[in-house]
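A.B. asks: Here you go, sequence then predicted model.
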Amino acid sequence: MSNLVDKYPRVSDMIDIAKRRMPHFAAEYLFAGTGYDEALENNRKVFNQIFLVPKYLKGTVTPVLKTKLFGYEYDAPFGMAPVGMTSLMWPGAEIALSKMSVKNNVPFALSTVACASVEEVGKHLNGQGWFQLYPPEDKAIRNDLLKRAKNAGFKTLVVTADIPASSRRERLRMAGVSVPPKNNLRTFFQAAICPSWSLGTLINGIPAFGTMDQYSNGDWHGNAKSKAGFAGSQMQRYLDWDYLKEVRDIWKGPIVLKGLMHEDDAIKTTKIVDAIYLSNHGGRQIDIAPSPLQILPDIRKKIGPNFPIIIDSGFYSGQDISKGLMLGADFVMTGRPFIIGLAALGSKGANHVHDILKDELSNIMEQICAKDIKELKNQKVLLGKDFQLTNFN
Ligand SMILES: Cc1cc2nc3c(=O)[nH]c(=O)nc-3n(C[C@H](O)[C@H](O)[C@H](O)COP(=O)(O)O)c2cc1C
């Protein structure tokens with residue numbers, strides 16, 4: 001990573017260039033939160049309230065980042081979160097991210113509403129892919145999706161729980177985000193000033209909902225709806241514990257329940273699926289939600305030391321990842337950083353983001369002589385007074 005790392009040593013060093021290379025509507029889709037972006041901002045601020053107290057005189061070590069999850073050993077305790085409409089933000093993103101994931105042996109979760117289909121992406125994932133399910137109202141569609149994901153070689157299922165309703169996403173409305181992109185003068189102009197994005201889109205094709213589109217063509221139980229409206233109308237609203245149990249009965253591999261924040265939900269989750277995934281959807285759903293980091297220590301206490309916890313929302317560096325692990329998570333996922341890398345540098349950017357995160361995390365571990373992730377998790381941590389939240393009722 002020699003030249004790239006000198007030019008862009010941190011993920012944050014690529015944000016400006018990524019924004020310049022993406023049409024405005026695509027950049028807004030990636031970077032926006034919801035409402036007044038308060039949850040989005042808090043997701044970042046909270047990291048400044050977590051401190052590691054180093055302990056020395058332990059010799060030197062070469063840290064090993066390998067981490068087991070569901071019996072499989074990944075090379076690092078982080079991966080790519082499910083992100084919808086990925087190729088709208090950077091053409092060919094799903095395939096580039098799959099390749100990054102296989103090359104580095106870290107997970108990649110394909111969204112239900114990604115632009116490339118489960119069948120296309122599955123081919124690149126060596127049987128280790130994660131498929132994210134937005135629970136469809138129509139159970140026939142749900143069952144078909146699960147069957148397709150399994151047949152395409154996906155192993156782990158991520159069921160997203162945190163969108164019983166769409167959020168208002170004010171910035172997306174103003175930017176005119178849609179799939180396929182609106183064919184008007186405004187989007188044409190935005191694309192025209194981003195030649196790499198436009199050329200990539202010409203080569204890869206106009207973004208669509210690769211997996212979902214086949215259900216909106218009228219042949220599927222008479223569900224003839226516009227493609228753009230279909231994803232929203234079918235998904236989101238219908239998850240409850242019974243529905244989840246049905247999914248549990250169908251899917252034979254590991255299941256992760258994503259988007260939870262409340263301790264009651266966390267405790268119930270441990271009885272049905274294989275891991276809980278704390279997330280506030282990157283600040284895109286409820287603007288008054290806390291950062292999942294702020295509830296992580298409590299949830300860890302409530303569900304005990306052994307049930308796997310995955311976390312995301314606001315993790316941009318190896319330092320951030322180390323904080324999540326030290327507070328009780330087993331695995332950290334990250335959404336925007338990998339797309340920032342892709343938009344800034346093309347397909348090699350996803351790899352570069354991986355290398356940065358791994359190098360930063362490894363460096364922290366080396367400095368505190370933590371030989372593995374278990375030792376990292378046992379470090380002494382101090383929390384600033386603005387970190388902890390008190391119960392109001
Ligand atoms: C552009 C965008 C699209 C997303 N689409 C999905 C999705 O399709 N399914 C899902 O479960 N989460 C989705 N998420 C949420 C991510 O999985 C993840 O929770 C979030 O990005 C974490 O925050 P971070 O971007 O700060 O890492 C999306 C997030 C972004 C930024």
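C.D. replies: Looks like it came in fine.

A.B. asks: Name the residues of the stretch 51-200 of the chain found near the ligand, please.
C.D. replies: Proximity of the stretch 51-200 of the chain to the ligand (Cβ under 6 Å from any ligand atom) is limited to residues 81, 82, 83, 84, 111, 113, 132, 160. Backbone N, C-alpha and C define where each C-beta goes, glycine included.

A.B. asks: at 8 Å what do you get?
C.D. replies: 81-86, 89, 109, 111-114, 132, 134, 158, 160, 162-163 (Cβ under 8 Å from any ligand atom).

A.B. asks: In helices, which of those appear?
C.D. replies: Among these, the members falling in helices are 86, 89 (criterion: DSSP state H).

A.B. asks: Just checking, which helix or strand of this protein averages the lowest pLDDT?
C.D. replies: Every helix and strand in the chain was compared by mean pLDDT, DSSP states H and E; the lowest is helix 227-234, with a mean of 60.

A.B. asks: one step back: just the buried members of the residues of the stretch 51-200 of the chain next to the ligand?
C.D. replies: Neighbour counting by 16 or more other Cβ atoms under 10 Å classes 81-86, 89, 109, 111-114, 132, 134, 158, 160, 162-163 among those as buried.

A.B. asks: Could you list which of those residues belong to strands?
C.D. replies: 109, 132, 158, 160 (DSSP state E).

A.B. asks: who's in contact with the nearest residue to residue 155 once chain neighbours are set aside?
C.D. replies: Nearest residue to residue 155 in three dimensions, chain neighbours excluded: residue 253, at 4.9 Å (Cβ to Cβ, 6 or more residues apart in numbering). Neighbouring residues of residue 253 by Cβ atoms under 8 Å, 6 or more residues apart in numbering: 70, 150, 154, 155, 156, 157.

A.B. asks: Among these, which one lies nearest to residue 197?
C.D. replies: Taking Cβ to Cβ as the measure, residue 197 lies nearest residue 154 of these, at 28.3 Å.

A.B. asks: Go ahead and confirm that closest one touches residue 123.
C.D. replies: No - using Cβ atoms under 8 Å as the test, residue 154 is too far from residue 123 to be in contact (11.3 Å).

A.B. asks: tell me which element the residue nearest to residue 155 is part of?
C.D. replies: Under DSSP states H and E, no helix or strand contains residue 253.

A.B. asks: centroid residue for this protein?
C.D. replies: The chain has residue 81 as the residue nearest its centroid, 1.9 Å off, counting by Cα atoms, centre = their mean.

A.B. asks: what sits against that one?
C.D. replies: Residues in contact with residue 81 (Cβ under 8 Å, 6+ apart) are 109, 279, 282, 312, 333, 334, 335.

A.B. asks: so what's the closest residue to the last one other than its chain neighbours scoring on pLDDT?
C.D. replies: In this case it means residue 335. Spatial nearest neighbour of residue 335, excluding adjacent residues (Cβ to Cβ, 6+ apart): residue 81 at 4.1 Å. As predicted, residue 81 sits at a pLDDT of 98.

A.B. asks: And for the one 3 residues further on?
C.D. replies: Here the pLDDT value assigned to residue 84 is 94.

A.B. asks: excluding its backbone neighbours, what's nearest it?
C.D. replies: Nearest non-adjacent residue to residue 84, counting by Cβ to Cβ, 6+ apart: residue 113, 3.7 Å away.
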